[in-house]
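# below are the sequence and a predicted model for it; my questions follow.
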Amino acid sequence: MTEHRAETSTLAIVSLVFGILAWVLIPIIGAIVAIITGHMARGEIRRSGGTLGGDGMAVAGLVLGYISLLLGLAALFFVIFVIGLVGVAAVFA
């Protein structure tokens, strides 16, 4: 008896790859692509009725993308905050 394996969603693979790239090579763009394709993949997998797999990869891509994006935004706000403090200190010096 042969077991039928569901085909993996290409969008889920793309989401995971760009989620990893968001941490290694292309932070902002990689995170955005990972998030968009991850959501698209999860919808595609749900609508496929079991013929497509890869939900775990899509979720991993989403998690990597969202965390990378949030950390990047936190770092940006921190830098802006520090520059603001330096500017205020320069005025009162």
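On my side now, so go ahead. Numbers count the residues shown, from 1 in each chain.
# number of nearby residues for residue 84?
10 (other Cβ atoms under 10 Å). No exception for glycine: its C-beta is placed from N, CA and C like everyone else's.
# give me the distance between it and residue 78.
11 Å (Cβ to Cβ, to the nearest Å).
# swap in residue 20?
Residue 20 is 24 Å from residue 78, by Cβ to Cβ.
# so which of the two has more stuff around it?
residue 20 (17 against 10).
# show me what the helix or strand bottoming out on mean pLDDT in the chain is packed against.
When the helices and strands of the chain are scored by mean pLDDT, DSSP states H and E, helix 55-92 comes last with a mean of 92. On a contact count with 3 or more Cβ pairs under 8 Å, 6 or more residues apart in numbering; DSSP states H and E, helix 55-92 meets helix 10-24, helix 27-47.
# which of those helices sits closest to residue 61?
helix 10-24 (2.9 Å; Cβ to Cβ).
# for that closest one, packing partners?
helix 27-47, helix 55-92.
# quick one: the residue most central in space within the chain from residue 48, how far?
In the chain, the residue lying closest to the centroid (Cα atoms, centre = their mean) is residue 65, at 1.4 Å. In this structure, residue 65 and residue 48 are 22 Å apart, going by Cβ to Cβ.
# just residue 54 next, same as before
On the measure of Cβ to Cβ, residue 54 and residue 48 end up 10 Å apart.
# do residue 58 as well
With Cβ to Cβ as the criterion, residue 58 and residue 48 are 12 Å apart.
# equivalent analysis for residue 64, please.
Separation of residue 64 from residue 48 (Cβ to Cβ) stands at 23 Å.
# of these two, which one has the most company?
Each of residue 64 and residue 48 has its neighbours counted (other Cβ under 10 Å); residue 64 has more, 24 against 13.
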